[in-house]
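S.K.: the following comprises the amino acid sequence and a computationally predicted model.
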Amino acid sequence: MRSHLTLGRLFGVPIGINLWVMAVAAVLAVSLAQISLPNIAPDHPRSAYWFAGVVGVAGFLASLVAHEVGHSWVAQRNNVRVREITLWLFGGVAKLEGDADDPGSEFRIALAGPAMSALCSLVLAGAAWGTWRVEGSEVLLGLLVWLSGINAVLAVSNLIPAFPLDGGRILRAVLWRRLGRKIRATRVSALWGQILAGVMAAASVWIMFNFALWSGMWILALSLFLFVAARAEWSGAAPAPELLELTVADLRRDLPAPLGPTGSVADAESRLSAHPGSPFVPLADRRNTITALVTRDGISRIPPAQRVLVPATSIAESLVTLPRVEPGETVRVVLDRLGEGRSWWALVTDGDGGLGALVSSDVDGLMEVVTG
(Lines give C-alpha, C1' and ligand atoms only; values in the text may rest on other atoms or scores of the structure.)
Protein backbone atom coordinates (compact mmCIF):
# COMPACT_ATOMS: atom_id res chain seq x y z
CA MET A 1 0.00 0.00 0.00
CA ARG A 2 1.31 3.43 -0.94
CA SER A 3 2.34 5.60 2.02
CA HIS A 4 1.98 8.88 0.15
CA LEU A 5 -0.22 10.70 -2.32
CA THR A 6 1.03 12.13 -5.61
CA LEU A 7 0.21 15.82 -5.90
CA GLY A 8 1.50 16.41 -9.41
CA ARG A 9 4.72 17.23 -11.24
CA LEU A 10 7.12 20.17 -11.13
CA PHE A 11 9.80 20.49 -13.81
CA GLY A 12 8.98 16.90 -14.74
CA VAL A 13 9.58 15.58 -11.20
CA PRO A 14 6.65 13.90 -9.37
CA ILE A 15 5.70 15.57 -6.08
CA GLY A 16 4.27 13.35 -3.35
CA ILE A 17 3.10 13.91 0.21
CA ASN A 18 3.30 11.37 3.03
CA LEU A 19 -0.04 10.69 4.72
CA TRP A 20 1.42 11.64 8.12
CA VAL A 21 2.10 15.14 6.80
CA MET A 22 -1.64 15.69 6.47
CA ALA A 23 -2.01 15.20 10.23
CA VAL A 24 0.95 17.51 10.92
CA ALA A 25 -0.56 20.11 8.56
CA ALA A 26 -3.88 20.00 10.44
CA VAL A 27 -2.12 20.47 13.80
CA LEU A 28 -0.04 23.32 12.34
CA ALA A 29 -3.15 25.07 10.97
CA VAL A 30 -4.84 24.86 14.37
CA SER A 31 -1.71 26.16 16.10
CA LEU A 32 -1.45 29.11 13.73
CA ALA A 33 -5.13 30.01 13.89
CA GLN A 34 -5.60 29.52 17.64
CA ILE A 35 -2.26 30.51 19.16
CA SER A 36 0.46 32.05 16.98
CA LEU A 37 -1.47 34.54 14.86
CA PRO A 38 -3.79 35.77 17.67
CA ASN A 39 -0.68 36.49 19.77
CA ILE A 40 1.07 38.29 16.90
CA ALA A 41 -1.98 40.22 15.68
CA PRO A 42 -4.69 40.33 18.41
CA ASP A 43 -8.29 41.58 18.06
CA HIS A 44 -9.06 40.26 14.56
CA PRO A 45 -11.96 38.05 13.43
CA ARG A 46 -11.50 34.32 13.97
CA SER A 47 -12.21 33.76 10.29
CA ALA A 48 -9.14 35.86 9.40
CA TYR A 49 -6.95 33.70 11.66
CA TRP A 50 -8.30 30.47 10.18
CA PHE A 51 -7.91 31.67 6.61
CA ALA A 52 -4.35 32.78 7.36
CA GLY A 53 -3.69 29.46 9.11
CA VAL A 54 -4.70 27.45 6.05
CA VAL A 55 -2.66 29.75 3.79
CA GLY A 56 0.26 29.42 6.20
CA VAL A 57 0.18 25.61 6.03
CA ALA A 58 0.09 25.79 2.21
CA GLY A 59 3.05 28.17 2.35
CA PHE A 60 4.90 25.82 4.71
CA LEU A 61 4.41 22.88 2.33
CA ALA A 62 5.45 25.07 -0.61
CA SER A 63 8.60 25.98 1.33
CA LEU A 64 9.46 22.30 1.73
CA VAL A 65 8.90 21.75 -1.99
CA ALA A 66 11.07 24.78 -2.83
CA HIS A 67 13.88 23.39 -0.67
CA GLU A 68 13.79 20.04 -2.48
CA VAL A 69 13.41 21.67 -5.89
CA GLY A 70 16.69 23.45 -5.16
CA HIS A 71 18.34 20.05 -4.67
CA SER A 72 16.61 18.59 -7.72
CA TRP A 73 17.47 21.41 -10.12
CA VAL A 74 21.17 21.32 -9.25
CA ALA A 75 21.19 17.50 -9.27
CA GLN A 76 19.80 17.39 -12.80
CA ARG A 77 22.37 19.95 -13.94
CA ASN A 78 25.04 17.61 -12.55
CA ASN A 79 23.66 14.58 -14.45
CA VAL A 80 21.93 13.00 -11.45
CA ARG A 81 18.34 12.08 -12.25
CA VAL A 82 15.62 12.88 -9.69
CA ARG A 83 13.02 10.15 -9.31
CA GLU A 84 10.59 11.91 -6.95
CA ILE A 85 10.16 14.61 -4.30
CA THR A 86 8.26 13.46 -1.20
CA LEU A 87 7.06 15.58 1.72
CA TRP A 88 7.03 13.67 4.95
CA LEU A 89 6.96 14.00 8.73
CA PHE A 90 10.34 15.74 9.20
CA GLY A 91 10.37 17.81 6.02
CA GLY A 92 10.99 16.72 2.44
CA VAL A 93 13.32 14.49 0.49
CA ALA A 94 14.41 14.47 -3.14
CA LYS A 95 14.95 10.85 -4.17
CA LEU A 96 17.94 10.75 -6.50
CA GLU A 97 18.84 7.87 -8.80
CA GLY A 98 22.38 7.30 -7.61
CA ASP A 99 24.95 9.60 -6.02
CA ALA A 100 27.03 12.38 -7.49
CA ASP A 101 30.15 11.31 -9.38
CA ASP A 102 32.51 13.75 -7.68
CA PRO A 103 32.74 15.75 -4.44
CA GLY A 104 32.11 19.05 -6.22
CA SER A 105 28.73 17.86 -7.52
CA GLU A 106 27.86 16.40 -4.11
CA PHE A 107 28.68 19.75 -2.46
CA ARG A 108 26.58 21.76 -4.92
CA ILE A 109 23.58 19.44 -4.71
CA ALA A 110 23.63 19.41 -0.89
CA LEU A 111 24.03 23.19 -0.58
CA ALA A 112 21.27 23.99 -3.10
CA GLY A 113 18.42 23.15 -0.69
CA PRO A 114 19.50 25.43 2.18
CA ALA A 115 20.37 28.13 -0.35
CA MET A 116 16.84 27.97 -1.80
CA SER A 117 15.32 28.14 1.71
CA ALA A 118 17.50 31.13 2.56
CA LEU A 119 16.37 32.86 -0.65
CA CYS A 120 12.71 32.17 0.18
CA SER A 121 13.26 33.56 3.68
CA LEU A 122 14.71 36.78 2.28
CA VAL A 123 11.89 37.18 -0.26
CA LEU A 124 9.24 36.64 2.41
CA ALA A 125 11.03 39.01 4.79
CA GLY A 126 11.01 41.62 2.03
CA ALA A 127 7.27 41.06 1.52
CA ALA A 128 6.72 41.45 5.27
CA TRP A 129 8.71 44.69 5.30
CA GLY A 130 6.64 45.98 2.37
CA THR A 131 3.40 45.06 4.16
CA TRP A 132 4.61 46.90 7.27
CA ARG A 133 5.63 49.97 5.26
CA VAL A 134 2.16 50.32 3.69
CA GLU A 135 0.48 49.53 7.02
CA GLY A 136 -1.17 46.41 5.62
CA SER A 137 -3.01 43.69 7.49
CA GLU A 138 -1.38 42.72 10.77
CA VAL A 139 -2.49 39.12 10.23
CA LEU A 140 -0.81 39.06 6.81
CA LEU A 141 2.29 40.67 8.29
CA GLY A 142 2.44 38.07 11.06
CA LEU A 143 1.97 35.25 8.55
CA LEU A 144 4.77 36.53 6.30
CA VAL A 145 7.12 36.90 9.27
CA TRP A 146 6.27 33.35 10.38
CA LEU A 147 6.88 31.90 6.90
CA SER A 148 10.16 33.82 6.61
CA GLY A 149 11.24 32.38 9.95
CA ILE A 150 10.23 28.85 8.91
CA ASN A 151 12.40 29.08 5.79
CA ALA A 152 15.29 30.48 7.83
CA VAL A 153 14.95 27.51 10.20
CA LEU A 154 14.91 25.12 7.21
CA ALA A 155 18.08 26.69 5.85
CA VAL A 156 20.00 26.72 9.14
CA SER A 157 18.82 23.38 10.59
CA ASN A 158 19.65 21.52 7.38
CA LEU A 159 23.21 22.83 7.56
CA ILE A 160 23.84 20.94 10.81
CA PRO A 161 26.70 18.55 9.90
CA ALA A 162 24.70 15.45 10.82
CA PHE A 163 24.51 12.92 8.03
CA PRO A 164 22.13 12.48 6.18
CA LEU A 165 21.07 16.13 6.57
CA ASP A 166 22.34 18.52 3.92
CA GLY A 167 25.07 19.71 6.26
CA GLY A 168 26.22 16.12 6.70
CA ARG A 169 26.36 15.67 2.93
CA ILE A 170 28.35 18.88 2.62
CA LEU A 171 30.74 17.51 5.25
CA ARG A 172 31.02 14.27 3.27
CA ALA A 173 31.81 16.21 0.09
CA VAL A 174 34.58 18.14 1.87
CA LEU A 175 36.03 14.95 3.38
CA TRP A 176 35.68 13.18 0.03
CA ARG A 177 37.72 15.93 -1.62
CA ARG A 178 40.36 15.82 1.11
CA LEU A 179 40.62 12.04 1.58
CA GLY A 180 39.97 11.10 -2.03
CA ARG A 181 37.73 8.23 -0.88
CA LYS A 182 33.95 8.49 -0.83
CA ILE A 183 33.36 5.46 1.40
CA ARG A 184 35.79 6.71 4.04
CA ALA A 185 34.18 10.15 3.91
CA THR A 186 30.74 8.57 4.35
CA ARG A 187 31.93 6.64 7.42
CA VAL A 188 33.35 9.75 9.09
CA SER A 189 30.36 12.00 8.35
CA ALA A 190 27.89 9.27 9.41
CA LEU A 191 29.79 8.77 12.69
CA TRP A 192 29.67 12.51 13.31
CA GLY A 193 25.93 12.42 12.55
CA GLN A 194 25.41 9.77 15.24
CA ILE A 195 27.34 11.86 17.76
CA LEU A 196 25.31 15.00 17.01
CA ALA A 197 22.07 12.99 17.18
CA GLY A 198 23.07 11.88 20.68
CA VAL A 199 23.77 15.50 21.68
CA MET A 200 20.37 16.54 20.31
CA ALA A 201 18.65 13.76 22.24
CA ALA A 202 20.28 14.89 25.50
CA ALA A 203 19.34 18.52 24.77
CA SER A 204 15.74 17.52 24.01
CA VAL A 205 15.36 15.92 27.46
CA TRP A 206 16.65 19.12 29.09
CA ILE A 207 14.22 21.21 27.02
CA MET A 208 11.29 18.94 27.96
CA PHE A 209 11.91 19.38 31.68
CA ASN A 210 12.89 23.05 31.66
CA PHE A 211 11.07 24.79 28.81
CA ALA A 212 8.50 23.16 26.53
CA LEU A 213 7.41 19.52 26.67
CA TRP A 214 6.18 19.28 23.07
CA SER A 215 9.19 21.05 21.58
CA GLY A 216 11.50 18.73 23.46
CA MET A 217 9.59 15.66 22.30
CA TRP A 218 9.75 16.85 18.68
CA ILE A 219 13.52 17.37 18.91
CA LEU A 220 13.88 13.94 20.54
CA ALA A 221 11.94 12.31 17.68
CA LEU A 222 14.12 14.13 15.14
CA SER A 223 17.32 13.10 16.93
CA LEU A 224 16.21 9.45 16.95
CA PHE A 225 15.50 9.60 13.23
CA LEU A 226 18.91 11.17 12.55
CA PHE A 227 20.66 8.56 14.67
CA VAL A 228 18.95 5.63 12.89
CA ALA A 229 19.60 7.12 9.43
CA ALA A 230 23.25 7.96 10.21
CA ARG A 231 23.77 4.52 11.76
CA ALA A 232 22.41 2.86 8.62
CA GLU A 233 24.77 4.89 6.40
CA TRP A 234 27.69 4.12 8.73
CA SER A 235 26.94 0.39 8.66
CA GLY A 236 26.42 0.40 4.90
CA ALA A 237 29.89 1.88 4.42
CA ALA A 238 31.59 -0.67 6.71
CA PRO A 239 34.75 -2.40 5.40
CA ALA A 240 34.02 -5.60 3.47
CA PRO A 241 37.28 -7.57 3.06
CA GLU A 242 35.32 -10.60 1.86
CA LEU A 243 34.85 -8.82 -1.48
CA LEU A 244 38.48 -9.63 -2.28
CA GLU A 245 37.27 -13.15 -2.97
CA LEU A 246 35.02 -12.00 -5.80
CA THR A 247 36.06 -13.44 -9.12
CA VAL A 248 37.12 -11.56 -12.24
CA ALA A 249 33.89 -12.76 -13.87
CA ASP A 250 31.97 -10.61 -11.36
CA LEU A 251 33.81 -7.45 -12.42
CA ARG A 252 34.47 -8.01 -16.11
CA ARG A 253 33.08 -5.62 -18.68
CA ASP A 254 31.63 -7.05 -21.87
CA LEU A 255 33.33 -6.07 -25.11
CA PRO A 256 31.70 -5.31 -28.46
CA ALA A 257 31.81 -7.94 -31.20
CA PRO A 258 35.25 -7.90 -32.90
CA LEU A 259 35.62 -5.52 -35.83
CA GLY A 260 36.85 -6.99 -39.09
CA PRO A 261 40.08 -5.91 -40.81
CA THR A 262 38.21 -3.74 -43.33
CA GLY A 263 36.30 -1.78 -40.67
CA SER A 264 36.72 1.96 -40.43
CA VAL A 265 37.33 4.20 -37.44
CA ALA A 266 33.67 5.23 -37.70
CA ASP A 267 32.66 1.55 -37.37
CA ALA A 268 34.77 1.20 -34.23
CA GLU A 269 33.24 4.40 -32.83
CA SER A 270 29.75 3.06 -33.49
CA ARG A 271 30.45 -0.20 -31.66
CA LEU A 272 31.89 1.62 -28.65
CA SER A 273 28.87 3.94 -28.58
CA ALA A 274 26.63 0.87 -28.33
CA HIS A 275 28.80 -0.42 -25.43
CA PRO A 276 29.51 2.71 -23.29
CA GLY A 277 31.20 0.66 -20.56
CA SER A 278 33.69 -0.99 -22.88
CA PRO A 279 37.23 0.47 -22.83
CA PHE A 280 38.04 -0.73 -26.36
CA VAL A 281 36.79 -2.73 -29.32
CA PRO A 282 38.69 -5.90 -30.39
CA LEU A 283 40.06 -5.98 -33.94
CA ALA A 284 40.28 -9.26 -35.90
CA ASP A 285 42.67 -10.00 -38.76
CA ARG A 286 41.80 -11.74 -42.04
CA ARG A 287 42.03 -15.14 -40.35
CA ASN A 288 39.43 -13.93 -37.82
CA THR A 289 42.01 -13.97 -35.04
CA ILE A 290 41.78 -11.16 -32.53
CA THR A 291 45.21 -9.53 -32.46
CA ALA A 292 44.61 -5.82 -31.84
CA LEU A 293 42.31 -3.29 -30.23
CA VAL A 294 40.99 0.19 -30.92
CA THR A 295 40.57 2.60 -28.00
CA ARG A 296 38.45 5.71 -27.53
CA ASP A 297 41.61 7.82 -27.30
CA GLY A 298 42.75 6.49 -30.65
CA ILE A 299 39.42 7.34 -32.23
CA SER A 300 39.49 10.86 -30.79
CA ARG A 301 42.74 11.59 -32.65
CA ILE A 302 40.98 11.23 -36.01
CA PRO A 303 38.85 14.21 -37.14
CA PRO A 304 35.14 13.23 -37.16
CA ALA A 305 34.73 13.99 -40.86
CA GLN A 306 37.53 11.56 -41.77
CA ARG A 307 36.62 8.63 -39.51
CA VAL A 308 34.50 6.91 -42.12
CA LEU A 309 37.45 6.94 -44.54
CA VAL A 310 40.29 5.95 -42.19
CA PRO A 311 40.71 2.18 -41.57
CA ALA A 312 40.59 1.10 -37.94
CA THR A 313 43.84 -0.82 -38.43
CA SER A 314 45.68 2.51 -38.75
CA ILE A 315 45.02 3.35 -35.07
CA ALA A 316 45.06 -0.22 -33.72
CA GLU A 317 47.20 -1.23 -30.75
CA SER A 318 48.59 -4.70 -30.24
CA LEU A 319 46.62 -6.97 -27.94
CA VAL A 320 49.88 -8.55 -26.80
CA THR A 321 50.57 -5.56 -24.53
CA LEU A 322 47.54 -6.36 -22.32
CA PRO A 323 47.91 -8.72 -19.36
CA ARG A 324 45.51 -11.66 -19.40
CA VAL A 325 43.39 -12.94 -16.54
CA GLU A 326 40.95 -15.82 -16.23
CA PRO A 327 37.30 -15.40 -15.19
CA GLY A 328 37.76 -17.68 -12.18
CA GLU A 329 40.66 -15.75 -10.65
CA THR A 330 39.87 -13.76 -7.52
CA VAL A 331 40.40 -10.04 -7.12
CA ARG A 332 43.03 -10.77 -4.46
CA VAL A 333 45.09 -12.87 -6.92
CA VAL A 334 44.78 -10.30 -9.71
CA LEU A 335 45.88 -7.47 -7.40
CA ASP A 336 48.91 -9.44 -6.31
CA ARG A 337 49.91 -9.74 -9.95
CA LEU A 338 48.88 -6.38 -11.43
CA GLY A 339 49.00 -4.08 -8.41
CA GLU A 340 46.67 -1.48 -6.94
CA GLY A 341 46.56 2.25 -7.60
CA ARG A 342 47.89 1.95 -11.17
CA SER A 343 45.95 2.46 -14.38
CA TRP A 344 45.64 -0.73 -16.41
CA TRP A 345 43.36 -2.91 -18.50
CA ALA A 346 43.44 -6.70 -18.53
CA LEU A 347 41.98 -9.02 -21.12
CA VAL A 348 39.59 -11.56 -19.64
CA THR A 349 39.57 -14.76 -21.66
CA ASP A 350 37.94 -18.08 -20.84
CA GLY A 351 39.83 -20.14 -23.42
CA ASP A 352 36.71 -20.70 -25.53
CA GLY A 353 36.82 -17.46 -27.46
CA GLY A 354 34.88 -15.42 -24.92
CA LEU A 355 36.41 -12.03 -24.26
CA GLY A 356 35.94 -9.33 -21.68
CA ALA A 357 37.93 -6.58 -20.01
CA LEU A 358 38.94 -5.93 -16.43
CA VAL A 359 39.51 -2.23 -15.72
CA SER A 360 41.70 -0.99 -12.86
CA SER A 361 39.22 1.75 -11.91
CA ASP A 362 36.58 -0.93 -11.20
CA VAL A 363 39.04 -2.81 -8.98
CA ASP A 364 40.03 0.44 -7.21
CA GLY A 365 36.35 1.19 -6.55
CA LEU A 366 35.93 -2.28 -5.08
CA MET A 367 39.02 -1.76 -2.91
CA GLU A 368 37.48 1.39 -1.45
CA VAL A 369 34.54 -0.70 -0.27
CA VAL A 370 36.90 -3.43 0.97
CA THR A 371 38.92 -1.08 3.15
CA GLY A 372 36.05 1.27 4.12
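M.R.: Received it, and whenever you're ready, just let me know what you need. What you see is a predicted model, and the numbers here were worked out from it, not measured in a lab. Residues are numbered from 1 along each chain as shown.
S.K.: how are the helices of this protein distributed by residue range?
M.R.: 19-31, 37-40, 46-77, 103-133, 138-157, 166-179, 182-210, 213-236, 248-251, 265-274, 296-300, 331-338, 360-371 (DSSP state H).
S.K.: against which helices or strands is the last one packed?
M.R.: Read that as helix 360-371. Packing contacts for helix 360-371, counted by 3 or more Cβ pairs under 8 Å, 6 or more residues apart in numbering; DSSP states H and E, involve helix 182-210, helix 248-251, helix 331-338. Using the backbone N, CA and C atoms, a C-beta is placed for each residue, glycine as well.
S.K.: number of residues surrounding residue 265?
M.R.: A count of neighbours around residue 265, defined by other Cβ atoms under 10 Å, yields 25.
S.K.: my read: it touches residue 316, true?
M.R.: No. Contact between residue 265 and residue 316 fails when scored by Cβ atoms under 8 Å: they sit 10.1 Å apart.
S.K.: report the set of residues contacting both of those two.
M.R.: residue 294 (Cβ atoms under 8 Å, 6 or more residues apart in numbering).
S.K.: where does pLDDT dip in the stretch 101-250 of the chain?
M.R.: For the stretch 101-250 of the chain, the stretches with pLDDT under 70 are 239.
S.K.: re earlier: nearest to residue 96, out of the helices of the chain?
M.R.: helix 46-77 (5.6 Å; Cβ to Cβ).
S.K.: can you pull the buried residues of the closest one?
M.R.: For helix 46-77, burial by neighbour count (16 or more other Cβ atoms under 10 Å) applies to 48-50, 52-53, 55-57, 59-61, 63-76.
S.K.: now do the contacts for the residue nearest the centre of the chain.
M.R.: Centroid-nearest residue in the chain, with Cα atoms, centre = their mean: residue 99, separated by 3.8 Å. Applying Cβ under 8 Å, 6+ apart, one finds that residue 99 lies in contact with 80, 106, 182.
S.K.: take the helices and strands packed on helix 360-371 and write them to JSON lines, including mean neighbour count and distance to residue 228.
M.R.: Formatted as JSON lines, the helices and strands packed on helix 360-371 follow (neighbours: other Cβ atoms under 10 Å; distance: least, Cβ to Cβ, whole Å):
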{"stretch": "helix 182-210", "mean neighbour count": "18", "distance to residue 228": "8"}
{"stretch": "helix 248-251", "mean neighbour count": "18", "distance to residue 228": "31"}
{"stretch": "helix 331-338", "mean neighbour count": "16", "distance to residue 228": "33"}
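S.K.: so can I have a markdown table of the ones you listed showing distance to residue 303?
M.R.: As requested, the helices and strands packed on helix 360-371 are exported to a markdown table (distance: least, Cβ to Cβ, whole Å):
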| stretch | distance to residue 303 |
| --- | --- |
| helix 182-210 | 37 |
| helix 248-251 | 35 |
| helix 331-338 | 35 |
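S.K.: right, and the ones you listed - which one's nearest residue 15?
M.R.: Of all the helices and strands packed on helix 360-371, it is helix 182-210 that lies closest to residue 15, at 26.9 Å by Cβ to Cβ.
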